[in-house]
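Novice: Just to be clear, the model below is a prediction. Sequence and coordinates:
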Amino acid sequence: MSTSDSRPVAVVVEDDVRIRRFLKATLEQHGFRYIEAENGRRGLLQAASQMPDLVILDLGLPDLDGLEVLRELRSWSAVPILVLSARGQEADKVEALDAGADDYVTKPFGVDELLARMRVALRHSARPGSGSGGGAPEPVVRFGELEVDLEKRLVFVSGREVHLTAIEYRLLATLVRHADKVLTHRQLLAEVWGPHAEFEHQYLRVFMGQLRRKLEPAPARPRWFLTETGVGYRLRTS
């Protein structure tokens, strides 16, 4: 492979040869350089040696549990990790996201959904401040009519300043810093209220409701602040 190859690199860690074959054809057709690994140890080696732009990780691997691979990867790399698994229970999704996954797709999956989630993960990793070597996030973030100035701690809707309480602002800033990424209840509670509040889910419901009332054009049908049922919340910026 020529070093001038500018295609984004995807490492796929999957033991099912039929799924690997399918993903190889799909990803190469859509402009990715595809690298595969049939087990967890090989996946860790490929991730370390190839420096991929994205890792797609199955949880049901023959040698290591996928969560173990996920935690090991996350201990030294900020690469976007998309879990692709037959484990579809909410508890499995929460555990994977808490362990550092950027997103979770349940098998069987649709190609369009998978590609869309890959694009979101890649966009997130490309933002200033993303990854282990990035600087501070962009001081001003805009999406739709909403504008957040992280440096001055100011929030505007359609050019009009909106007052947020300290907790509301911390919750918003956390969602902005991880925009387009699913954050679990536990992750949000720990970051906004501290580690001792990680099971106080009612805090999140109340304050997310307040953010929606202040910032959403139609709070009952949120456009930006989305609920991931049973898992957490996501700030959608497009």
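Specialist: That came through, no problem. Residues are numbered from 1 along each chain as shown.
Novice: going forward, measure contacts between C-alpha atoms and count neighbours the same way
Specialist: Will do.
Novice: what comes up buried for stretch 211-229?
Specialist: By neighbour count on 16 or more other Cα atoms under 10 Å, the buried set for stretch 211-229 is 211-212, 215-216, 219, 222-227.
Novice: Let's have the residues you listed in CSV, adding pLDDT and distance to residue 50.
Specialist: Below are those laid out as CSV (pLDDT from 0 to 100; distance: Cα to Cα, whole Å):
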residue, pLDDT, distance to residue 50
211, 95, 41
212, 95, 42
215, 95, 42
216, 93, 42
219, 91, 44
222, 93, 40
223, 92, 37
224, 93, 35
225, 95, 35
226, 94, 34
227, 92, 35
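Novice: so which of those residues comes closest to residue 92?
Specialist: Nearest to residue 92 among the buried residues of stretch 211-229: residue 227, at 17.2 Å, using Cα to Cα.
Novice: That closest one contacts residue 236, doesn't it?
Specialist: No. With contact defined as Cα atoms under 8 Å, residue 227 does not reach residue 236; the gap is 10.4 Å.
Novice: quick one: contacts for residue 111?
Specialist: By Cα atoms under 8 Å, 6 or more residues apart in numbering, residue 111 lies in contact with residue 26.
Novice: just residue 180 next, same as before
Specialist: Residue 180 makes contact with 120-121, 124, 234-237, according to Cα under 8 Å, 6+ apart.
Novice: tell me the two of the buried residues of stretch 211-229 that are most distant?
Specialist: By the measure Cα to Cα, 215 and 227 form the most distant pair in the buried residues of stretch 211-229, at 15.3 Å.
Novice: can you list the residues that contact stretch 231-238?
Specialist: Contacts to stretch 231-238, defined as Cα under 8 Å, 6+ apart, come from residues 90-91, 93-94, 143-144, 175-176, 178-185, 223-228.
Novice: so of these, which ones are in strands?
Specialist: Of the contacts of stretch 231-238, the ones assigned to strands by DSSP state E are 143, 183-184, 225-228.
Novice: Using TSV, lay out those residues together with distance to residue 10.
Specialist: Output for the ones in strands among the contacts of stretch 231-238, formatted as TSV (distance: Cα to Cα, whole Å):
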residue	distance to residue 10
143	28
183	23
184	25
225	29
226	27
227	28
228	26
